[in-house]
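Asker: A structural model of the following input is requested.
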Amino acid sequence: MKIGKLKKVELRKLWKGEATDFTPWLAAEENIESLSQAIGIELEVISEEKSVGPFRADILCKSTIDDTYVLVENQLERTDHNHLGQLMTYAAGLEAVTIIWIAKKFTEEHRAALDWLNRITDEDIRFFGFEVEAYQIGDSVPAPMFQMVSKPNDWTKAINSSKRHSQLTEAKSKNLAYWTAMREYFESTDTNIKSQKPSPQHWTNYAIGKSNFHMAATHSVRDNFIRVEFLIDGNDAIENFEKLRESNESDSYEKIDSALIWDELEGRKVCWAYIQKYAEIDDKSDWPNQFQWILERLEKMDAFFRPKVKAL
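Answerer: Alright, predicted model coming up:
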């Protein structure tokens, strides 16, 4: 069998300019999706060359799971102090909680700077560093590759988080234990549903590919139920809800669950469709059954609504 050799391609042969070529390429849906998979956060591009005072940030995204801002700053050369300063200025001006710095090569000083920022900031603030390279085999089409060189230190942040969690009420401690166990259950399966970091709330959110739309799992210790939800918010929530309901309600009972309830929630800026069932949250021996029920409906809801949401 003949085996080819990887040949490194100079980045400037693929993209002559950062703003004119590389940024538009990265902002394309199929390419930002690759970056999403690399960091484990679904990203939706909001704008390119976003103005921040007299400066322009390369790409501004939103995390579709919680609508927080994600800032992406690009370099086709080695990292430098100017871009590090710009990164911090843009992050502050845009109130971004996830910051991604992409460059041809990271110096040890700038890699250490991102590692330090990850150590000292709150667990909700995240800094990522990626080196970008491109390769081809023979005369094949060049293929870009992203290599992560800096990421949040989950262990350190978990320790900082545990200090706050030690002061939680009994109810919040139960919530945290439940979602932590459910995340571990999900990770033991081959599901594509990605869980966010467990929190002490009575709900946890899941991305569905677009901002102002998401899924959620909810439980109640007091009322003994678990619930899976598809939610729409934002200024166009009612209009989008009506569009989806008009063309998909009858089909949703077959594809998701016959007990699905569509509710406009009159007077509020959020609409939803949900499924709920009785469950004793305090019965830990039943948790695997509850997690399985939640996962199955999240998967069906994701498969049903995701393409429809993106088409709106």
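
Asker: mind checking which helix or strand Glu133 is in?
Answerer: Glu133 is part of strand 126-137 when elements are defined by DSSP states H and E.

Asker: which helices and strands does that strand pack with?
Answerer: Contact partners of strand 126-137 among helices and strands, from 3 or more CB pairs under 8 Å, 6 or more residues apart in numbering; DSSP states H and E: strand 6-8, helix 11-14, helix 29-39, strand 98-103, helix 108-120, strand 143-150. In short, each C-beta sits where N, CA and C put it, glycine included.

Asker: quick one: that strand to chain centroid distance?
Answerer: Distance, stretch centre to chain centre, for strand 126-137: 19 Å (CA atoms, centre = their mean, to the nearest Å).

Asker: mind listing what that strand pairs with, with the direction of each?
Answerer: In the sheet containing strand 126-137, its partner strands are strand 6-8 (antiparallel), strand 98-103 (parallel), strand 143-150 (antiparallel), by DSSP bridges.

Asker: and the first one, average pLDDT?
Answerer: Throughout strand 6-8, pLDDT has a mean value of 89.

Asker: What of the longest one?
Answerer: Per-residue pLDDT values across strand 143-150 average out to 91.

Asker: Give me the distance from that strand to the chain's centre.
Answerer: In terms of CA atoms, centre = their mean, the centre of strand 143-150 is found 18 Å from the chain centre.

Asker: before we move on, the earlier item: got the angle between the strand holding Glu133 and helix 108-120?
Answerer: Angular relation of strand 126-137 and helix 108-120 on a 0 to 180 degree scale: 140 degrees, by axes from the mean of the first three to the mean of the last three CA atoms, to 10 degrees.

Asker: which parts of strand 126-137 are buried?
Answerer: By neighbour count, with 16 or more other CB atoms under 10 Å as the criterion, the buried positions of strand 126-137 are Arg126, Phe127, Phe128, Gly129, Phe130, Glu131, Val132, Glu133, Ala134.

Asker: Check the spacing between the fourth one and Ser34 real quick.
Answerer: By that I understand Gly129. As defined by CB to CB, to the nearest Å, Gly129 lies at a distance of 16 Å from Ser34.

Asker: Next, count neighbours for the residue nearest to Ala19 when sequence neighbours are not counted.
Answerer: Nearest-residue entry for Ala19: Glu49, 6.5 Å, with adjacent residues in sequence omitted and distances by CB to CB, 6 or more residues apart in numbering. Applying other CB atoms under 10 Å, we find 14 other residues in the vicinity of Glu49.

Asker: Output the below-cut-off pLDDT ranges for the protein.
Answerer: The chain contains residues with pLDDT under 70 at 54, 154-168.

Asker: can you give me the strands for the stretch 201-312 of the chain?
Answerer: With DSSP state E, counting those that start in this stretch as the definition, the stretch 201-312 of the chain shows strands at residue ranges 203-207, 213-220, 225-233, 261-263, 270-278.

Asker: distance between the ends of stretch 250-259?
Answerer: As for stretch 250-259, its first-to-last residue distance stands at 12 Å under the measure CA to CA, to the nearest Å.

Asker: how about the strands of the stretch 201-312 of the chain in a markdown table, adding distance to Val149 and mean neighbour count?
Answerer: Rendered in a markdown table, the data for those read as follows (distance: least, CB to CB, whole Å; neighbours: other CB atoms under 10 Å):
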| stretch | distance to Val149 | mean neighbour count |
| --- | --- | --- |
| strand 203-207 | 25 | 20 |
| strand 213-220 | 30 | 21 |
| strand 225-233 | 36 | 22 |
| strand 261-263 | 46 | 14 |
| strand 270-278 | 39 | 18 |
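
Asker: quick one on the thing from earlier: to which secondary structure element is the residue nearest to Ala19 assigned?
Answerer: When the helices and strands are read off by DSSP H and E, the one containing Glu49 is strand 43-52.

Asker: Next up, the contacts around Thr169.
Answerer: When contacts are counted by CB atoms under 8 Å, 6 or more residues apart in numbering, Thr169 touches no other residue.

Asker: Next, name the residue at the spatial heart of this structure.
Answerer: Central residue check for the chain by CA atoms, centre = their mean: the C-alpha nearest the mean position is that of Ile41, 2.6 Å away.
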